[in-house]
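Visitor: prediction below, plus the sequence it came from.
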Amino acid sequence: SSSNIKMIRNISSRFSTCLRQALPSASSNRTFKAVADVEIDFSNRAVLKKYVGVDHLSKEQGTKAKFIVSLNSLLEAVKSVPETAEYRKAIEATCQYRLKVCGENNSDAAIEEVLDAHLEELIAESKEELRILPVLLESKPWDVPADYSAPVFDYVDASTILDKK
């Protein structure tokens, strides 16, 4: 009703006034430095990885080889999922593509550029997929009964309910 709307407007205006008084003004001293002020040498992979925040994932050489091993482990593990499951098809397609990219590129930097991700992140992703696979094998989300139908809810625009006169 209109009285409720007036009450809400009154409360919100008082609340915003209290907030303005309690919080420091925008002209107060800022204690942060904008990220744009930092000079980064994008050609130095170690500096770039530290800046992006993935340097802690792997400090060892041979990241490409570790990535290939993790992809092959995932491909082997996903064989326990039925061949008809879309999950298995997606994992296999992703791993095969990434293995192809690794085969066609010699440097870690080239692989990362093509896949648009850091190898350390992709290795962690593969390990996480391997970790979740037993849970999926137990719950079998691909085994949906033929007569199952997902509930469908009709969208109702809130204005049709709120603007009733």
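Guide: Here it is on my side, so go on. Source: prediction; values computed, not measured.
Visitor: look up phi and psi at residue 150.
Guide: Phi and psi for residue 150, reported as degrees, to the nearest 10, are phi -80, psi 140.
Visitor: gap between it and residue 138?
Guide: Computed as C-beta to C-beta, to the nearest Å, the residue 150 to residue 138 distance reads 22 Å. (Glycine included, C-beta is placed from N, CA and C.)
Visitor: what's the answer for residue 68, then?
Guide: Going from residue 68 to residue 138 by C-beta to C-beta gives 28 Å.
Visitor: same thing with residue 149?
Guide: Taking C-beta to C-beta as the measure, residue 149 falls 24 Å from residue 138.
Visitor: list the contacts of residue 111.
Guide: Applying C-beta atoms under 8 Å, 6 or more residues apart in numbering, we find residue 111 in contact with 64, 67, 101, 102, 105, 119.
Visitor: want to throw these into a markdown table with pLDDT, secondary structure and distance to residue 130?
Guide: Conversion of these to a markdown table gives the following (pLDDT from 0 to 100; DSSP: H, G, I helix; E, B strand; the rest coil; distance: C-beta to C-beta, whole Å):
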| residue | pLDDT | secondary structure | distance to residue 130 |
| --- | --- | --- | --- |
| 64 | 89 | helix | 19 |
| 67 | 93 | helix | 13 |
| 101 | 95 | helix | 20 |
| 102 | 94 | helix | 18 |
| 105 | 92 | coil | 24 |
| 119 | 88 | helix | 16 |
